[in-house]
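S.K.: Have a look; sequence and predicted model below, questions after that.
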Amino acid sequence: MKPKLVIFDFDGTLGDTRHNIVVTLRRTMQLRGLQLRDEATCASTIGLTLEDSFLKMYPTMSRDEARECVTTYREIFYQSIEELSPDLFPGVADALARLAAMDVKMSIASSRSSPSLLLFLKNMGIAQYFDYVLGSDSVTRHKPEPEPVLMTLAHYGVTPAEALVVGDMPVDIEMAHNAGVRAVGVSYGNATREELLRAKADAVIDNISELTTAVDVI
């Protein structure tokens, strides 16, 4: 059944932000005197809130220390915004335009903070497709908890059966299923096809251009 609503993740799904995130995380570690984590370890935390990302990489770190790291991260992020400005993945703008032409509503549920999320959507020229955008500061229970999806369903007045989540990480798939919503994983982001299938994605696509076909199939 074609969904009435598609809820997109942002990092690794619409925006190619891996380099941006990894570089900023590692600069934060250096400034705060932390043991450096490699790219793969940093990338494995994408999809979590920044606070949870630091706690995952440094299990003995306190929440207060993690919050201090988040403050440093954001300072570096805004200082480096032009240097580390990400791009859309190939085909994203066209796929969004085709979904809009199909009268499918679109929203964002991201673990990125709202200010940077809205800034990227505007700079990338796709903000007009999303009239409801949830960042990490918009919810109290983050991915993989279902709150972002449940809030979005309530906003649009649609049922779980009428919606679809699209994301690149297992936490996106888990969030969708925890809300009773189908999920499509994208293999070009920060998790592998195998990881997305283990998370029980209803479908996995290799290019966002495949999405308009997938939504009519699953």
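M.R.: Yep, that arrived. All figures in this text were calculated on a predicted structure; none of them were measured in a lab. Numbering: from 1, shown residues only.

S.K.: drop to CA atoms for contacts and neighbour counts, all remaining ones
M.R.: OK.

S.K.: residue ranges for the helices of this structure, please.
M.R.: Secondary structure of the chain (DSSP state H): helices at 18-31, 39-43, 50-57, 63-79, 92-101, 114-123, 147-156, 170-178, 193-198, 211-214.

S.K.: for the third one, packing partners?
M.R.: Helices and strands touching helix 50-57, as assessed by 3 or more C-alpha pairs under 8 Å, 6 or more residues apart in numbering; DSSP states H and E, comprise helix 39-43, helix 63-79.

S.K.: Quick check: buried residues in the last one?
M.R.: Under the neighbour-count criterion of 16 or more other C-alpha atoms under 10 Å, helix 63-79 has 66, 67, 69, 70, 72, 73, 74, 76, 77 buried.

S.K.: And the shortest one, by the same measure?
M.R.: Applying a neighbour-count criterion of 16+ other C-alpha under 10 Å, one finds 42, 43 buried in helix 39-43.

S.K.: Give the other helices and strands that it contacts.
M.R.: Applying 3+ C-alpha pairs under 8 Å, 6+ apart, we find helix 39-43 packed against helix 18-31, helix 50-57.

S.K.: quick one: the shortest one to helix 63-79, angle?
M.R.: Looking back up the chat, that one is helix 50-57. 120 degrees (axes from the mean of the first three to the mean of the last three C-alpha atoms, to 10 degrees).

S.K.: any idea of the mean pLDDT for helix 50-57?
M.R.: Helix 50-57 carries an average pLDDT of 97.

S.K.: Run the angle between it and helix 18-31 for me.
M.R.: Relative orientation of helix 50-57 versus helix 18-31 (the same axes, to 10 degrees): 70 degrees.
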